[in-house]
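Sharing a model that was predicted from the sequence below.
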Protein chains: 4
Amino acid sequence: MAIQKLSEEHVKKEVGKLKGWSLQNGKLHREYKFRDFIEAFGFMSRVALTAQSLDHHPEWSNVWNRVTVDLSTHSIGGISQLDFELATKIQELAGERD
Amino acid sequence: MAIQKLSEEHVKKEVGKLKGWSLQNGKLHREYKFRDFIEAFGFMSRVALTAQSLDHHPEWSNVWNRVTVDLSTHSIGGISQLDFELATKIQELAGERD
Amino acid sequence: MAIQKLSEEHVKKEVGKLKGWSLQNGKLHREYKFRDFIEAFGFMSRVALTAQSLDHHPEWSNVWNRVTVDLSTHSIGGISQLDFELATKIQELAGERD
Amino acid sequence: MAIQKLSEEHVKKEVGKLKGWSLQNGKLHREYKFRDFIEAFGFMSRVALTAQSLDHHPEWSNVWNRVTVDLSTHSIGGISQLDFELATKIQELAGERD
């Protein structure tokens, strides 16, 4: 099944259901703050493995205990169901379930 | 300060205070079980960073969701305070505090 | 396609083609030695991501700069093509191509 | 010994010696490109362990096979010898020695 770009309306509705996430610059955006670098990078290791499983990877940055995640699907120039799937798994890895 | 080998008596007393740890083959021993490989390797990443901070590293093995840890201080051929320090930090990383 | 157990004859022939690997206790076995813990754990991170992609994970252990890898397919109680696939990718990650 | 802010003149001279690095927004800046996500994140794992050893961490971001690194010393609001030490170690980890 080809990956499809979701409508802006659909994205806005769905992002509202993901605690702490927002739509920024056309991407699903979330900032996480951890106790220290070790917890932050441990989280990144878990997200990296999850992303590899999905074959769908985040844009992300880290400064010590903070990790910023931006999700979009480059091949379609927008947000697809894969981004919501990865966002949902990241929430679980961060210990947040909605 | 030089690293000193702790007496067997001292080790036995201290290991009894660490929940889930035992003395096996002259090493501090613990087995952890996680939900899946992702959680297991995320834990290993946090332990690796902690070990690097202490410049004291575990002997450990992993099979999918299980991680087995053995701690001793090679340079002194026994167990030192460093091993208890690392074991205590590993307990914290695993979300277990005594 | 179901994962199939390879014949002992087949396994012996194929393992001979993988530089540095042997058959031990019914598993594909290899020991790697790196410069230090950082290089060893960096290698383990790459292998972990590769294993997650294949959904096929190693039994492995680490002591400072050494990493020991044992591959088999638990679900079939033997060695399958998946083990050779993972071994080949591990060789590439270690910078060894045959 | 207290961490000291290096003079702009000193920084400019030293950054010129680090292949591929430049001074951007008052930080030591470098972009790395790898074969794929696995190689990129393996590199990040090695850098994370090195940063933990130095107790000095990067600002960095990753998009699939690319890793962007920015180094500065927050506590002094500038660039210190620690940043050059980390940059030099990162070069080694990336397999580039000047």
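Okay, I see it. Residues are numbered from 1 along each chain as shown, chains lettered A, B, ... in the order given.

C-alpha only now, for contacts and for neighbours.
Will do.

What score does A:Gln52 have for pLDDT?
For A:Gln52, the pLDDT comes out at 98.

tally of neighbours for it?
Other residues lying near A:Gln52 total 20 when counted by other C-alpha atoms under 10 Å in any protein chain shown.

residues contacting it?
Going by C-alpha atoms under 8 Å, 6 or more residues apart in numbering or on different chains, A:Gln52 touches C:Leu49, C:Thr50, C:Gln52, C:Ser53.

Am I right that the second one is in contact with D:Ile38?
Yes: between C:Thr50 and D:Ile38 there is a contact under C-alpha atoms under 8 Å: 7.3 Å.

how about low-confidence regions in chain A?
Scanning chain A for pLDDT under 70 picks out the ranges A:1, A:97-98.

Need the three-state assignment for the one residue sitting closest to the centre of it.
Relative to the mean C-alpha position of chain A, the nearest C-alpha, by C-alpha atoms, centre = their mean, is the one of A:Ala87, at 3.8 Å. Three-state call for A:Ala87 (DSSP: H, G, I helix; E, B strand; the rest coil): helix.

Look up how far A:Ser80 lies from it.
Remark: distance between A:Ala87 and A:Ser80 (C-alpha to C-alpha, to the nearest Å) = 11 Å.

which residues of chain A fall in strands?
A:22-24, A:27-33, A:59-63, A:66-71 (DSSP state E).

want to try CSV for these, with distance to B:Ser72 and mean neighbour count as columns?
Converted to CSV, the strands of chain A look like this (distance: least, C-alpha to C-alpha, whole Å; neighbours: other C-alpha atoms under 10 Å in any protein chain shown):
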stretch, distance to B:Ser72, mean neighbour count
strand A:22-24, 47, 16
strand A:27-33, 34, 18
strand A:59-63, 33, 19
strand A:66-71, 33, 21
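
how about TSV for the ones you listed, with distance to C:Glu9 added?
TSV is the format used below for these (distance: least, C-alpha to C-alpha, whole Å):
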stretch	distance to C:Glu9
strand A:22-24	57
strand A:27-33	52
strand A:59-63	47
strand A:66-71	48
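
Quick one: closest of those strands to chain D.
strand A:59-63 (3.9 Å; C-alpha to the nearest C-alpha).

Direction included, what does the closest one pair against?
Strands that pair with strand A:59-63, judged by DSSP bridges, come out as strand A:66-71 (antiparallel), strand D:59-63 (antiparallel).

Can you pull the residues of chain A lying near chain C?
A:Ala48, A:Leu49, A:Thr50, A:Gln52, A:Ser53, A:Asp55 (C-alpha under 8 Å from any C-alpha of the partner chain).

and chain A, which of its residues are near chain B?
Residues of chain A lying near chain B (C-alpha under 8 Å from any C-alpha): A:Ile38, A:Glu39, A:Phe41, A:Gly42, A:Phe43, A:Ser45, A:Arg46, A:Leu49, A:Thr50.

A:Asn65 contacts A:Gly42, doesn't it?
No: counting by C-alpha under 8 Å, A:Asn65 sits too far from A:Gly42 to count as a contact (10.7 Å).

who has more neighbours, those two?
A:Gly42 (23 against 16).

which helix of chain A spans the most residues?
helix A:37-54 (DSSP state H).

and the angle for that helix with helix C:37-54?
Per axes from the mean of the first three to the mean of the last three C-alpha atoms, to 10 degrees, the angle that helix A:37-54 makes with helix C:37-54 is 30 degrees.

chain center to helix A:37-54: distance?
11 Å (C-alpha atoms, centre = their mean, to the nearest Å).

list the buried ones in it?
Within helix A:37-54, the residues scored as buried using 16 or more other C-alpha atoms under 10 Å in any protein chain shown are A:37-53.

what residues does chain A put near chain D?
Looking at chain D, the residues of chain A close enough under C-alpha under 8 Å from any C-alpha are A:Phe41, A:Ala48, A:His57, A:Pro58, A:Glu59, A:Trp60, A:Ser61, A:Asn62, A:Val63, A:Trp64.

Can you tell me which of the residues you listed comes closest to D:Leu23?
For these, the residue nearest D:Leu23 by C-alpha to C-alpha is A:Val63; the value is 18.4 Å.

and that closest one, bridged to which residues?
Residues in beta-bridge contact with A:Val63 (DSSP bridges): A:Arg66, D:Glu59.

I'd say it and D:Ala48 touch.
No: contact criterion C-alpha under 8 Å: A:Val63 and D:Ala48 do not qualify, at 11.3 Å.

Mutual contacts of those two, please.
Common neighbours of A:Val63 and D:Ala48 (C-alpha under 8 Å, 6+ apart) are D:His57.

ok, now which ones touch A:Ile3?
So A:Ile3 contacts A:Ile76, A:Ser80, A:Gln81, A:Leu82 (C-alpha under 8 Å, 6+ apart).

The closest residue to the first one other than its chain neighbours: how many residues sit nearby?
Spelled out, that is A:Ile76. Excluding the flanking residues, the one nearest A:Ile76 by C-alpha to C-alpha, 6 or more residues apart in numbering or on different chains is A:Lys5, at 6.2 Å. Here the number of neighbours of A:Lys5 (other C-alpha under 10 Å) works out to 17.

Pop out the phi and psi values for A:Lys5.
Main-chain dihedrals, A:Lys5, degrees, to the nearest 10: phi -70, psi 130.
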